[in-house]
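A.B. asks: predicted model, plus sequence, below.
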Amino acid sequence: MAELPGTLLYYLKRSTEFLEKKEIPNPRVDAEWLLSDLLGLPRIKLYAQFEMPLGQKEIDLYRERILERSKRKPVAYITGKKGFHKFEYLVSEDVLIPRPETEELVDYLWKAKEQLPKNESGEIQIWDLCSGSGCIGLSLAQLIESSVVTLSDFSEKAIEVSKQNAEKYNLTDRTHFFVSDLDLSLPKELQFDLIVSNPPYIPESEKPEIMPDVLEYEPHLALFVSDFKEFHKRLLTAMKSKLKPGGKLMMETHPLYMDKLESLAEELGFLSRMRILDSSKKERFFFAEAPSLS
């Protein structure tokens, strides 16, 4: 196909070449995502529009986006949104960008929804702890119709993002939000059938190994812990205090620290402890139950 100056294909190719020189991974894919979002077109539809001329405003905005990406700013922060499971959530630099691994956590619980504990009225009370954008809790709220979801995060700005996402999907009548250091700001009487969490779990010692797109832009508070064991002991203690008898928890964690996590859970009396592999065959998810009354 002829590459005519001023057309969609012309700027897509120039942008890809520019990102390649800046050593950006997957430059063509990123260039396509940024352009499709700018034009309001599905990415696949770009291929039918290669000869479409771009207006000067579109050209200027696209150049700005490509320049931002060349500085390693993640595509999701440039567009302000990220697809997750069956949904699309608003994101900002105040929250982690939802990951494919975390989609697997949601998918596991969705497929196991009939086995999840419920209260007498058939509702499932869920707590999304360290909720960030709200992608876990809000996805479960939509996938499990009988659920009522509480979302909490240490970051007030993160909670504001999750509230916007709840409003986007008309979930405000089935969701509650708290700015809280673990369970400290939650009502003492509040108890849950299921607790889900993607907490910070990367040891600070691993920072040199983290790619710059993540290290320079994503919130360190949601990524890193100075002491894995100390933080996760607090985390599991908070979960235990908030789980109903026989309630379940599922959380994402660092595969190399699964032994430490399971040992902590055993010390605290959690039952039916189980490690669940992600699609890369890594021990990514931890599942456990609170003791029942009997």
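C.D. replies: Noted; the coordinates are in hand.

A.B. asks: distance-wise, check the residue minimising distance to the centre of the chain relative to F84.
C.D. replies: Taking C-alpha atoms, centre = their mean, the centroid of the chain lies closest to P98, which sits 2.8 Å from it. Using C-beta to C-beta, to the nearest Å, P98 is found at 4 Å from F84. The C-beta positions use only the backbone N, C-alpha and C, and glycine is treated the same way.

A.B. asks: pull up the overlap in contacts between those two.
C.D. replies: The overlap between the contact sets of P98 and F84 (C-beta atoms under 8 Å, 6 or more residues apart in numbering) consists of C135.

A.B. asks: can you give me the buried ones in stretch 13-28?
C.D. replies: Under the neighbour-count criterion of 16 or more other C-beta atoms under 10 Å, stretch 13-28 has R14, S15, T16, F18, L19, I24, P27 buried.

A.B. asks: check stretch 281-292 too.
C.D. replies: For stretch 281-292, the neighbour count (16+ other C-beta under 10 Å) marks E283, R284, F285, F286, F287, A288, E289, A290 as buried.

A.B. asks: leaving out chain neighbours, which residue sits closest to the last one?
C.D. replies: What that stands for is A290. L243 (4.0 Å; C-beta to C-beta, 6 or more residues apart in numbering).

A.B. asks: now swap in the fifth one and tell me
C.D. replies: The spatially closest residue to F287, leaving aside those adjacent along the chain, is M274, at 4.4 Å (C-beta to C-beta, 6+ apart).

A.B. asks: and the pLDDT for that neighbour?
C.D. replies: M274 is assigned 96 on the pLDDT scale.

A.B. asks: from H85, how far out is P199?
C.D. replies: When distance is defined by C-beta to C-beta, P199 is 19 Å away from H85.

A.B. asks: the two: which is more packed in?
C.D. replies: A count of neighbours by other C-beta atoms under 10 Å puts H85 above the other of P199 and H85, at 22 against 17.

A.B. asks: distance of the more buried one relative to G134?
C.D. replies: From H85 to G134 the distance is 12 Å (C-beta to C-beta).

A.B. asks: re the thing from before, now for the buried residues of stretch 13-28: which two are most distant?
C.D. replies: The two members of the buried residues of stretch 13-28 with the most space between them (C-beta to C-beta) are R14 and I24, at 14.0 Å.

A.B. asks: K82 against V91, yeah?
C.D. replies: Yes. Using C-beta atoms under 8 Å, K82 and V91 qualify as a contacting pair, with a distance of 5.1 Å.

A.B. asks: mind listing the shared neighbours of the two?
C.D. replies: In contact with both K82 and V91: A76, I97, P98, S133, using C-beta under 8 Å, 6+ apart.

A.B. asks: inside helices: which ones of the residues you listed?
C.D. replies: Those of the shared contacts of K82 and V91 mapping onto helices are A76, per DSSP state H.

A.B. asks: now distance to L143 and pLDDT too, for the shared contacts of K82 and V91, in JSON lines please.
C.D. replies: Output for the shared contacts of K82 and V91, formatted as JSON lines (distance: C-beta to C-beta, whole Å; pLDDT from 0 to 100):
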{"residue": "A76", "distance to L143": "22", "pLDDT": "98"}
{"residue": "I97", "distance to L143": "21", "pLDDT": "97"}
{"residue": "P98", "distance to L143": "15", "pLDDT": "97"}
{"residue": "S133", "distance to L143": "16", "pLDDT": "98"}
